[in-house]
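> A predicted structure for the sequence below; I have some questions about it.
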Amino acid sequence: MKNSNELGKSAEDYLESMLILKEKNGYVRSVDISELLGVTKPSVSNAMKRLREEGYIEMNRSGFITVTEKGLEIANKIYTRHKKLTDYFIALGVDPEVAEDDACKIEHDISDQTFEALCNCLEHCKTCSSPKKVKKS
């Protein structure tokens with residue numbers, strides 16, 4: 001079953017990166033997206049063209065990018081999922097770097113229902129005693 005958002009993982013990653021860069025730097029440029037995501041500038045250019053055409057971003061003549069309300073809705077959703085999934089995996093005893101990588105893979109495909117259940121479980125875990133570390137086999 002497809003996620004309700006048909007935008008695609010790559011486009012969601014671009015929108016999420018723009019949100020992160022805006023919070024960090026106060027502005028967003030293609031070169032910064034390229035560096036953050038580790039992709040080529042032509043790849044970013046192609047993605048920006050598509051996102052602009054679909055109304056997710058606007059770009060001024062100086063090359064600064066603004067995420068539209070439509071884009072922010074998706075960026076916030078993905079970023080929130082990423083943070084909460086990372087927290088959940090760390091609470092389970094997963095190494096933070098692995099938790100971060102796994103959250104990035106899952107954030108795009110997990111259903112709203114499953115994500116909500118994980119959030120509820122994480123909140124429950126926070127009220128319980130410290131989680132036990134999962135033994136590596």
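Thanks, I have the structure now.
> tell me where the chain has helices.
Applying DSSP state H to the chain gives helices spanning 9-25, 30-37, 41-53, 69-91, 96-106, 112-127.
> which among these is found nearest to residue 60?
helix 41-53 (11.2 Å; Cβ to Cβ). Backbone N, C-alpha and C define where each C-beta goes, glycine included.
> the helix-or-strand element of the chain with minimal mean pLDDT: how far from the chain's middle?
One helix or strand of the chain scores below all others by mean pLDDT, DSSP states H and E: helix 112-127, with a mean of 82. Relative to the centre of its chain, helix 112-127 is centred 18 Å away, using Cα atoms, centre = their mean, to the nearest Å.
> ok now stretch 17-25, how far from the chain's centre?
Distance, centroid of stretch 17-25 to centroid of chain: 11 Å (Cα atoms, centre = their mean).
> just the mean pLDDT for it, thanks.
For stretch 17-25, the mean pLDDT works out to 96.
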